[in-house]
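A.B. asks: only geometry, no sequence info:
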């Protein structure tokens, strides 16, 4: 299970927090988005696993190249900031989104080196929720054959395309999880201090947030 959470969290968090591309994309249904990304990751990582294992920057570049068009960092960041988004400036929100994504990407990217085709099963699309929001349900297959439910929340943008904004692993929303951690960190210091820590310390700042949320620090 721990190994799963390593690369599944990598897949999940990089999925949700990837910066959206400005380039227009053909409109895909949410289930097609998830399937395409799963296939593209398997093809890219499967063919270049050893090369990418030795070059972390290249690994992040390749992951971004696959994920960039399909995820809404602005909306996800607003959800993570929660009530603090209302009192923050546009500059603070922009800096937070970039710093939070970079810290996530650097921390979890290597977990995707364990990703192979067949690790993710995209379940049949049932048009859950409504025509503006929906859920794509998948199963992650562990080494021992057991499966873990990993669901992706999508919303339709004003341009009419679907963007992912949250991932729920075994019923736990990563947006909600990090929102609680961010709220506690801002209360203990300030949003500017949190942004600066994420910009300069990245992974260590995330680890500190998680430990404080769990009562470990």
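C.D. replies: Nice, thanks for sending it over. Worth saying up front: this structure is predicted, and the values here are computed from it rather than measured. Numbers count the residues shown, from 1 in each chain.

A.B. asks: helices of the chain, start to end?
C.D. replies: Assignment of helices within the chain using DSSP state H yields the ranges 2-17, 30-54, 56-67, 73-81, 84-87, 90-108, 174-188, 191-200, 203-213.

A.B. asks: out of these, which comes closest to residue 156?
C.D. replies: Each of the helices of the chain has some distance to residue 156 by Cβ to Cβ; the shortest is helix 30-54, at 9.0 Å. In this view, the C-beta of every residue, glycine as well, is placed from N, C-alpha and C.

A.B. asks: tell me the mean pLDDT over the closest one?
C.D. replies: For helix 30-54, mean pLDDT rounds to 86.

A.B. asks: who's in contact with that helix?
C.D. replies: 11, 15, 28, 58-59, 62-63, 66-67, 70, 110, 112-113, 115-120, 122, 125, 134, 136, 138, 152, 154, 162, 164 (Cβ atoms under 8 Å, 6 or more residues apart in numbering).

A.B. asks: take the residues you listed and keep only those in strands.
C.D. replies: Under the assignment DSSP state E, those contribute 120, 122, 134, 136, 138, 152, 154, 162, 164 to strands.

A.B. asks: low-confidence stretches in this structure?
C.D. replies: Applying pLDDT under 70 to the chain flags the ranges 1-26, 68-69, 126-129, 202-203, 205-210, 212-217.

A.B. asks: can you rerun that using 80?
C.D. replies: Scanning the chain for pLDDT under 80 picks out 1-27, 63-71, 102, 104-112, 114-119, 125-130, 142-145, 201-217.

A.B. asks: what subset of the contacts of helix 30-54 is buried?
C.D. replies: Of the members of the contacts of helix 30-54, the ones counted as buried by neighbours, 16 or more other Cβ atoms under 10 Å, are 11, 15, 59, 62-63, 66-67, 70, 110, 112-113, 115, 119-120, 122, 125, 134, 136, 138, 152, 154, 162, 164.

A.B. asks: format the helices of the chain as a markdown table; extra columns: distance to residue 146.
C.D. replies: Putting these into a markdown table (distance: least, Cβ to Cβ, whole Å) gives the following:
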| stretch | distance to residue 146 |
| --- | --- |
| helix 2-17 | 9 |
| helix 30-54 | 19 |
| helix 56-67 | 26 |
| helix 73-81 | 29 |
| helix 84-87 | 38 |
| helix 90-108 | 22 |
| helix 174-188 | 21 |
| helix 191-200 | 34 |
| helix 203-213 | 25 |
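
A.B. asks: which one of those lies nearest to residue 145?
C.D. replies: Put simply, out of the helices of the chain the one that sits nearest residue 145 is helix 2-17, at 12.1 Å, with distance taken as Cβ to Cβ.

A.B. asks: tell me which of the helices of the chain sits nearest to residue 148.
C.D. replies: Evaluated with Cβ to Cβ, those place helix 2-17 nearest to residue 148, the distance being 6.0 Å.
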